[in-house]
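A.B. asks: Need coordinates for the following:
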Amino acid sequence: QVQLVESGGRLVQAGDSLRLSCAVSGGTLSSLAMGWFRQAPGKEREFVCGFSRSGRGMKYVDSVKGRFTISRDNAKNTVILQMDSLKPEDTAVYYCAAVRMELDIIVMNRGGYAYWGQGTQVTVSS
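C.D. replies: Here you go, the predicted model:
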């Protein structure tokens, strides 16, 4: 059973940076496609970014391209989301997601993920 624990969310001001972490247990990153999603109040949970199990494939939603960077620390079995130039519209609960995958592909749909963290709140004030 893969378990995911997010951390790092907090209240920041517009233009600030924030680093979210997702600690993974019960599976190695090389066997998992990983993704970050977010859900704002009253809205659907949306894909933010993700990578394939090898890490070679990455995908970002247009609204965060150039501002967010996903990376991984294989030694610590941790996935990082570096968020720069934050905007009030980035305010949401951010979730880490994982799925065991043999193919080296990026999973962008919410239903494609089997494991989810509890979420971490990011609030960006204007």
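
A.B. asks: Off-centre distance for stretch 112-121?
C.D. replies: 9 Å (Cα atoms, centre = their mean, to the nearest Å).

A.B. asks: What residues sit buried inside it?
C.D. replies: The neighbour-count check on stretch 112-121 (16 or more other Cβ atoms under 10 Å) flags 112, 113, 115, 116, 117, 119, 120 as buried. Using the backbone N, CA and C atoms, a C-beta is placed for each residue, glycine as well.

A.B. asks: For the residues you listed, give me a markdown table that also has secondary structure and distance to residue 17.
C.D. replies: Output for these, formatted as a markdown table (DSSP: H, G, I helix; E, B strand; the rest coil; distance: Cβ to Cβ, whole Å):
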| residue | secondary structure | distance to residue 17 |
| --- | --- | --- |
| 112 | helix | 29 |
| 113 | coil | 26 |
| 115 | strand | 27 |
| 116 | strand | 25 |
| 117 | coil | 21 |
| 119 | coil | 20 |
| 120 | strand | 15 |
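
A.B. asks: Going by distance to residue 12, which of those wins?
C.D. replies: Nearest to residue 12, judged by Cβ to Cβ, of those is residue 120 at 12.6 Å.
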